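>>> structure for the following, please:
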Amino acid sequence: MENSIKTEIVYCPTTTEKNIKLEPQSDTTKYFNFFLFFAAFSVNLQTFAVGNSFGWSSTVLLDLESNDTQTNPVGHPITSQESSWIVSLVNLGAAFGTICAGVGASKWGKKKIMLILIIPVIFSHIILIFANKASYIFIARFLMGIGAGCTNSIVPLYVAEISETHIRGVLGCLMGVLFSLGLTNVFVIGAFVNVKTLSMFLLIPPVLFLVVFGYFCPESPYYYLAQGDTTSAKKSLKKLRNTDSNSLSKELAHIKEVLQESNIEESLNDAMKTKKFRKALIITIGLMFFQQFIGVVAIMSYLETILSVAGGSFSSSTSSIFVGLVTVVSMSSSLFLVDRWGRKILLVLSSFGCAVAHVALGIFFYMQNAGMEVTHLSWLPLTSLIVFTVAFNFGLGPLSWALNGELFSNKTKEFASSLATFTFFILAFMITFIFPFLRNLLGLHGSFWFFAVNGIICMLFVLFYIPETKGKTFQEILRILEK
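Modelled structure (predicted):
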């Protein structure tokens, strides 16, 4: 007698709360969905362009401060105040871009607003090709920021909405990987070409995004269903899923259920009064705050300047490239860890690692400032920056943005994501603008110890306030936030 094949349904508890039912284990892990990864990669081409924008200032600042007219397009050294504006204006533009993105995404959809707001980035690089005054560079940096604000507020939402639950964390972390690749790209190219030629190279990623994402990738099915367009939602989901029509119908029904739950609150104002919204907003804005006050944007924006002060065996540009490569590797590691270890443990380890690295950097610069012999410690600054980069990029870097796409209901997500991202960039503007003054006030050692204290506070914030979202559906996450 032949043995009959039986299918055993294993129920995996997705939460410890008693009033939330257990969900059956998904069988979606049995296949590889190429197009879903392609769509997530394509939308993150603009994240690559944003990485270029944030690495640009570190790469060109020493050239702009030099007397060499062959490398300095302005023709004379820029002032320290002009340097601060050049570094920080991209963040001010990004804050403005988040407002445009939030309003536009609700009205026209996430795909369309991303395609519209990449155009200022393209114009910014065209301006930089011909810029011969600091004021032109100011304008270009602000335009770069508009695209960055859209990217950071809309990409996490788009990726979260098109993703399947079992790989949502992985696809969410692609944003960090592509950002770090963009950062490294500008460090490498900038080491060999002048400012104008660099701008020509940096035109390629935003144009590529406009073509590839615009032509091949669909709008989010969540947006279509929110507009009552079931036909378009089904077409979008069909393109994003390598599955049968029965599974497709079930997922559409699930999305409708999610939207209906969010529509129970009659207005955005009512939704904002709920406990789940307040807690999610505190988490996301808290993480955005700690990202800035752990110093990542300030450090990456002034990286070559910091390394030139530290000295060492390598040139500042070579060391920057090395830091960039480590950024790519460490950010990529988050893809393999996020859905295995979970968000919370990675955030805790990340915060602690950043704090340790900053303490070590502070000790080196304190000894250097005090006139002590530091030749035998010449390896410490670069090593500490690498430790900081690794720690930040497997936790705080990608997961702050991934959580931004996971924690909010459909009713509030565009507004909340825009608000969190706006806060991120306003804080980034502040920290990059005041970093030279902070350095003069506290010294580099005091600045890094200030960042270290914030790292410890961040670790405590994660431990006691942030819930684990690994493997949970949007509905389960929202219910946990209500507790």
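
>>> residues of the helix or strand harbouring residue 84 that come out buried?
Per DSSP states H and E, residue 84 falls inside helix 80-108. Buried residues in helix 80-108, counting neighbours by 16 or more other Cβ atoms under 10 Å, are found at 82-95, 97-102, 104-106. Using the backbone N, CA and C atoms, a C-beta is placed for each residue, glycine as well.

>>> so what's the residue count around residue 375?
Neighbourhood size, residue 375 [other Cβ atoms under 10 Å]: 6.

>>> any idea how far it is from residue 52?
Using Cβ to Cβ, to the nearest Å, one gets 36 Å for the distance from residue 375 to residue 52.

>>> check residue 124 too.
Residue 124 sits 10 Å away from residue 52, going by Cβ to Cβ.

>>> what bits of the stretch 301-450 of the chain have low per-residue confidence?
312-313, 339 (pLDDT under 70).

>>> can you show me the helices along it?
Assigned by DSSP state H, counting those that start in this stretch, the stretch 301-450 of the chain shows helices spanning 303-310, 316-341, 343-369, 380-393, 396-404, 413-465.

>>> what is the shortest one packed up against?
Looking back up the chat, that one is helix 303-310. Where contact means 3 or more Cβ pairs under 8 Å, 6 or more residues apart in numbering; DSSP states H and E, helix 303-310 is packed against helix 45-64, helix 316-341, helix 343-369, helix 380-393.

>>> need those helices in TSV with mean neighbour count and distance to residue 457, can you?
Converted to TSV, the helices and strands packed on helix 303-310 look like this (neighbours: other Cβ atoms under 10 Å; distance: least, Cβ to Cβ, whole Å):
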stretch	mean neighbour count	distance to residue 457
helix 45-64	26	24
helix 316-341	20	22
helix 343-369	21	8
helix 380-393	23	15
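
>>> what's the closest of the ones you listed to residue 217?
Nearest to residue 217 among those is helix 45-64 (10.3 Å), distances taken as Cβ to Cβ.

>>> can you give me how far that closest one is from the chain middle?
In terms of Cα atoms, centre = their mean, to the nearest Å, the centre of helix 45-64 is found 15 Å from the chain centre.

>>> now it against helix 396-404, angle please.
140 degrees (axes from the mean of the first three to the mean of the last three Cα atoms, to 10 degrees).

>>> state the mean pLDDT of helix 45-64.
On average, the pLDDT along helix 45-64 is 90.

>>> what angle separates that helix from helix 413-465?
Angle, helix 45-64 to helix 413-465, by the same axes, to 10 degrees: 80 degrees.

>>> dump helix 45-64 to CSV, keeping only the CA atoms.
Extracted in CSV, the C-alpha atoms of helix 45-64 (Å, rounded to 0.1, in the frame of the first residue of the first chain):
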residue,chain,number,x,y,z
LEU,A,45,18.4,53.6,-7.3
GLN,A,46,17.3,57.0,-6.0
THR,A,47,18.7,56.0,-2.6
PHE,A,48,22.0,55.3,-4.3
ALA,A,49,21.7,58.9,-5.7
VAL,A,50,21.1,60.2,-2.2
GLY,A,51,24.2,58.4,-1.0
ASN,A,52,26.1,60.3,-3.7
SER,A,53,24.6,63.5,-2.4
PHE,A,54,25.6,63.0,1.2
GLY,A,55,29.2,61.8,0.4
TRP,A,56,29.7,64.7,-2.1
SER,A,57,30.6,67.3,0.5
SER,A,58,33.2,65.1,2.2
THR,A,59,34.8,64.4,-1.2
VAL,A,60,35.0,68.0,-2.5
LEU,A,61,35.3,70.1,0.6
LEU,A,62,39.1,70.0,0.8
ASP,A,63,39.2,71.0,-2.9
LEU,A,64,36.8,73.9,-2.4
